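S.K.: One predicted model, sequence on top.
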Amino acid sequence: MFRIENASKRYGHKEGEVVALAPTTLEIGRGEFVAVVGPSGSGKTTLLSMLGGMLAPTSGKVWLDGQSLYDGTVAERAWSRRDGDVFKRARRLDWGDSLDVE
Ligand SMILES: Nc1ncnc2c1ncn2[C@@H]1O[C@H](COP(=O)(O)OP(=O)(O)OP(=O)(O)O)[C@@H](O)[C@H]1O
Ligand SMILES: [Mg+2]
């Protein structure tokens, strides 16, 4: 199951800071079907990228089946992806198509 706890994402810009995702806590159980909906710019892609192991949160934690996804260094995470671990596990949830629904 996925669990994110107080996960947020902020980007620095010349004009200041953009909050891509305000601190968010949620759990998605195995077999649960979840639709992420919201207006453009509300953080859907940001959230799904975090769950997919592709985007480290600025703050907070992301777990997949009890394993914290962003504890290691970038190199360690790249290695984990090379193993296909996080990616395959995320794909096995069959979210491939819904991830791209904009
Ligand atoms: N790499 C980035 N650098 C700077 N700002 C970003 C970056 N990615 C996203 N943002 C900003 O973060 C906010 C959330 O973006 P995100 O792409 O997650 O929204 P979205 O809900 O997927 O939007 P859409 O429906 O248009 O796909 C937006 O204000 C966006 O401009
Ligand atoms: Mg998007």
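M.R.: Ah, there it is. Numbers count the residues shown, from 1 in each chain. Ligands and ions are numbered 1, 2, ... in the order given.

S.K.: which residues in the protein form helices?
M.R.: 44-51, 74-82, 85-91, 96-99 (DSSP state H).

S.K.: Can you pull out the low-pLDDT segments for this structure?
M.R.: In the predicted model, the chain carries pLDDT under 70 at residues 75-102.

S.K.: what residues does it put near ligand 1?
M.R.: The chain comes close to ligand 1 at residues 11, 18, 20, 38, 40, 41, 42, 43, 44, 45, 46, 102, as judged by Cβ under 6 Å from any ligand atom. From N, CA and C alone the C-beta is placed, and that goes for glycine too.

S.K.: Narrow those to those in strands?
M.R.: 11, 18, 20 (DSSP state E).

S.K.: okay if I get the residues you listed as a markdown table plus distance to ligand 2 and neighbour count?
M.R.: Putting these into a markdown table (distance: Cβ to the ion, whole Å; neighbours: other Cβ atoms under 10 Å) gives the following:
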| residue | distance to ligand 2 | neighbour count |
| --- | --- | --- |
| 11 | 14 | 11 |
| 18 | 14 | 11 |
| 20 | 10 | 20 |
